[in-house]
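Novice: let me see the structure of the following:
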Amino acid sequence: MIKERARNLDPVLSFVVHTENCLKATVVLVAKTRAGVVHYRHTKCMRLLLVEDERRMAALLEQGFTEEGIHVFPVYDGEDGLAAAQSSSFDAIILDVQLPSLDGLTVARRIRKSGNQTPILMLTARDTE
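Specialist: Have a look, this model is predicted:
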């Protein structure tokens, strides 16, 4: 499968492995060179940026993800969330829509405008009315 992906010039294959103390993301990079196909493997614990101003909700989410072996980095307002997303590398971001200082939609737009393509999951307490 790795050689097939290399032939199709799709350079990244990733998979997730759960261990006792850490949910690990393993990324295998494949590149074609004159010498042949080169493989590079990197494994790290998954890092999640949690931007949620409701402290009880943030604590519940942090506990659940931590129990699953994910390293959670909580912040409690939009400005701190934007600063964290721009200064560190995360595997995913959970972002509340209604935040103090900067709302979640503004934070998400600015993250994307900076070129950061980290997956973002938006949370909201809003109803449909």
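Novice: now the helices for the chain?
Specialist: For the chain, the helices defined by DSSP state H cover 2-7, 55-67, 78-87, 104-113.
Novice: out of those helices, which gets nearest to Cys45?
Specialist: Closest to Cys45 of those is helix 55-67 (Cβ to Cβ; 11.2 Å). The C-beta positions use only the backbone N, C-alpha and C, and glycine is treated the same way.
Novice: got the buried residues for the closest one?
Specialist: Residues of helix 55-67 classed as buried under the neighbour-count rule (16 or more other Cβ atoms under 10 Å) are Ala58, Leu61, Glu62, Phe65.
Novice: distance to Ile120 and mean pLDDT added to the helices of the chain, as TSV?
Specialist: Converted to TSV, the helices of the chain look like this (distance: least, Cβ to Cβ, whole Å; pLDDT from 0 to 100):
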stretch	distance to Ile120	mean pLDDT
helix 2-7	26	37
helix 55-67	15	91
helix 78-87	9	96
helix 104-113	5	96
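Novice: distance-wise, check Lys113 relative to Ala85.
Specialist: Taking Cβ to Cβ, to the nearest Å as the measure, Lys113 falls 11 Å from Ala85.
Novice: same deal with Met46?
Specialist: Taking Cβ to Cβ, one finds Met46 at 16 Å from Ala85.
Novice: quick one: which of these two has more around it?
Specialist: When Met46 and Ala85 are compared for neighbours, Ala85 comes out ahead with 23 against 19, by other Cβ atoms under 10 Å.
Novice: got the contact list for that one?
Specialist: Contacts of Ala85 were listed using Cβ atoms under 8 Å, 6 or more residues apart in numbering, and they are Leu49, Ile93, Val107, Ile111, Asn116, Thr118.
Novice: neighbour-wise, which one of the residues you listed leads?
Specialist: Most neighbours among the contacts of Ala85, by other Cβ under 10 Å: Val107, with 27 neighbours.
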